[in-house]
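Asker: Structure for the following, please:
(2 chains)
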Amino acid sequence: MNTRRLKDVLSSRLMLAATVFAFLLLFFMAAGLFFRASPILITVPISDLLFSIEWSPFSGKFGFYPFIMGTLWVTVLATVIAIPVSLLSSIYLSEYASNGLREMVMPLVDLLAGIPSVVYGLFGVLAVVPFINDTLAPAMGAETIGGYSILAGGIVLSIMVFPIIISVTGEVMRRVSGELREVSLSLGATKWQTIKHVVLRKARPGIIAAIVLGFSRAFGETMAVLMVVGNVAKVPSSIFDPAYPLPALIANTYGEMMSIDLYDSAILLAALILLLVVLICNVIARIILVRIERGII
Amino acid sequence: MTETQISIQNLNVTYNGNHALKNISVEIPKKQITAIIGPSGCGKSTMLKCMNRLIDMTDNVTFSGKIIIDNEDVFDKKTDIINIRKKLGLLAQKPTPLPMSIYENVAFGPRIHGVKKKLVLDETVQKCLAITGLWEEVKDRLNSPASQLSIGQQQRLCLARGLAVEPEIILCDEPTSALDPVSSQHIEQQLLKLRKDYTIVIVTHNIHQAMRLADYVIHLYLGELVEHGPANDVFENPKEERTRAYINGTMFSDLKIDKEVDLKGNICPYNFVLAKQALHELSKGKVLKLVVDDPLAVTEVPRGMEADGHKVMSVKQINKTDWEVVIQKKE
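Answerer: The predicted structure is shown next:
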């Protein structure tokens, strides 16, 4: 009798502890990064760190601007490619496709999200990079460094973002009530008019949330981008230029030139920036989605 | 005989192997209010959905038969369903404003049918809102979201939105069941006003509403057409026993109680005397509800009242000790 109760108490406490631990981990990571990054935050003004284009650790110049711009170029390009493709396919899946087809395709879409990013990277190196180098860049009259470019990164990343946007958007669109569709149809609207003016309008906050989630996934993605983007620390001026996004910088250099003053601190600051941006994007998107679920929006 | 607007011939609908409508043939008269009555799940809403082909939206459904509107068969593949739907406005059970402003809601219909001129749209919006009595209430906030209106106003907005595409027929699917009594009354008044210009088909489970509104009545029961005819004939003198039972049954279940008297703690014959007194104060046809806890009263009070010529409508136990007796005063 008492052991039974003891087990009950213990198990609930244990689960609470596990939950708290998982939550605190995030907090400790952010706090740890901030603590280790503070030396450089004290010595160099934050505006210099964010907006200086000079990156020469040996002379103590830590301008993150090229890396931040590299990250933004790749991420924005990936999002721009991913939005139309994934929106159209999720509209098709949730509005036009038969139940059978949807049930068959959706697990495949989720599977796409589970493929290791290094595999996407390899695909990028073996297929996308040569395609840009041999076909696309010459056709557009652009110069590339062997095809390694922001465009290659954007294409590979966009494929990785598809499943997130498709599944979240589809979910939100299927939540739009049948009554609303019936109202529009009964007024004589065609199916497409109904989708365009009613379903998409009602689902708009959710679609924005899906895009923000996709954006934050692309923002933090490291391996696949690092393999195809060229990794040159220069502010890019076209999608055929190479770039050096923040995650690639961290993965490539952390642990190597640690004897240089403040280097460790600079890299950890980059990690902190990444963590915060991804965290904020996720929180915003989740808040929107939770509000949709509760029927507030 | 009045003109026919909608002619339904041998309509059969099956959902997932469930025969929802069985061989229905009926004609719906033009510019009258036709009420489709019957208990929940008898196929009333399905019948409406067949008329504007929203039944297409349902999975695993098969239908056969003919629905003729203006010499066109709704089920015929060659028929332009957009055109048919334009002729049939729909007022849904739950007020369903589109996720846009009040103005946009009403302008939605004309817009999708190609009206672009702002002036024409403005005029339509004002006209339709005025018909439903909403114009004065919302004219200063046409651009605010329709979801900010009260539920009753939302339903009138939905009616206005339907009118904006200039339908000939208005289909109403229990249009007041989500509304408070005042808003319901408002909608009913609008429908009565609209009757002279439109053919109205209203699905309702509220028999009083059907009596107040209908010119013509169709009674469905478990997918079968039990009876149909002019409202007076059906309500006053139903041909079918099932119709009679349905009308009486629902009338008693949502009876309006005029007076309530608590006789708990009183024993016979005092409770009988008190009940008689209470009934004496009511006029003919009014309904008295008694609550008694004396076991003897449960049988004796109704018996005595019936002996006096009143009508005992129901006797039921409401908790362990108490009983409820409902009596209608006669003579």
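Asker: Three-state assignment for residue B:98, please.
Answerer: coil (DSSP: H, G, I helix; E, B strand; the rest coil).
Asker: Which residue, other than its chain neighbours, is closest to it?
Answerer: Closest residue to residue B:98 apart from its sequence neighbours, by C-beta to C-beta, 6 or more residues apart in numbering or on different chains: residue B:105 at 5.2 Å. Where you see a C-beta, it was placed from the backbone N, CA and C, and this is true even at glycine.
Asker: I'd like the average pLDDT over the helix or strand encompassing the one you found.
Answerer: For residue B:105, the enclosing helix or strand under DSSP states H and E is helix B:102-112. Averaged over helix B:102-112, pLDDT sits at 94.
Asker: And it, what does it pack against?
Answerer: helix B:118-131, helix B:151-163 (3 or more C-beta pairs under 8 Å, 6 or more residues apart in numbering or on different chains; DSSP states H and E).
Asker: okay, and for the stretch 201-331 of chain B, where does confidence drop off?
Answerer: Counting by pLDDT under 70, the stretch 201-331 of chain B shows low-confidence ranges at B:250-256, B:331.
Asker: Please report how far the residue most central in space within chain A lies from residue A:232.
Answerer: Centroid-nearest residue in chain A, with C-alpha atoms, centre = their mean: residue A:217, separated by 1.7 Å. Counting by C-beta to C-beta, to the nearest Å, the separation of residue A:217 from residue A:232 is 24 Å.
Asker: Could you list the domains of chain B?
Answerer: B:4-252, B:259-328 (automatic domain parsing).
Asker: quick one: the strands in the chain?
Answerer: In the absence of a named chain, chain A is used. Counting by DSSP state E, chain A has strands at residues A:55-56, A:61-62.
Asker: nope, chain B please
Answerer: B:4-15, B:18-29, B:33-37, B:61-69, B:72-73, B:88-91, B:169-173, B:199-204, B:216-221, B:224-230, B:259-262, B:287-292, B:311-317, B:323-328.
Asker: Could you save those strands as a markdown table and add columns showing mean neighbour count and distance to residue A:193?
Answerer: As requested, these are exported to a markdown table (neighbours: other C-beta atoms under 10 Å in any protein chain shown; distance: least, C-beta to C-beta, whole Å):
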| stretch | mean neighbour count | distance to residue A:193 |
| --- | --- | --- |
| strand B:4-15 | 18 | 25 |
| strand B:18-29 | 18 | 28 |
| strand B:33-37 | 27 | 29 |
| strand B:61-69 | 17 | 22 |
| strand B:72-73 | 16 | 22 |
| strand B:88-91 | 27 | 16 |
| strand B:169-173 | 24 | 20 |
| strand B:199-204 | 25 | 25 |
| strand B:216-221 | 23 | 33 |
| strand B:224-230 | 18 | 35 |
| strand B:259-262 | 14 | 54 |
| strand B:287-292 | 22 | 52 |
| strand B:311-317 | 13 | 52 |
| strand B:323-328 | 21 | 53 |
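Asker: Could you export those strands to JSON lines, including columns for distance to residue B:136?
Answerer: Below are the strands of chain B laid out as JSON lines (distance: least, C-beta to C-beta, whole Å):
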{"stretch": "strand B:4-15", "distance to residue B:136": "32"}
{"stretch": "strand B:18-29", "distance to residue B:136": "33"}
{"stretch": "strand B:33-37", "distance to residue B:136": "26"}
{"stretch": "strand B:61-69", "distance to residue B:136": "34"}
{"stretch": "strand B:72-73", "distance to residue B:136": "39"}
{"stretch": "strand B:88-91", "distance to residue B:136": "21"}
{"stretch": "strand B:169-173", "distance to residue B:136": "22"}
{"stretch": "strand B:199-204", "distance to residue B:136": "24"}
{"stretch": "strand B:216-221", "distance to residue B:136": "33"}
{"stretch": "strand B:224-230", "distance to residue B:136": "36"}
{"stretch": "strand B:259-262", "distance to residue B:136": "39"}
{"stretch": "strand B:287-292", "distance to residue B:136": "38"}
{"stretch": "strand B:311-317", "distance to residue B:136": "43"}
{"stretch": "strand B:323-328", "distance to residue B:136": "42"}
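Asker: just so I know, which of these lies nearest chain A?
Answerer: Closest approach to chain A among these (C-beta to the nearest C-beta): strand B:88-91, 3.7 Å.
Asker: Now look at that closest one and say if it contacts chain A.
Answerer: Yes - residues of strand B:88-91 contacting chain A under C-beta under 8 Å from any C-beta of the partner chain: B:88-90.
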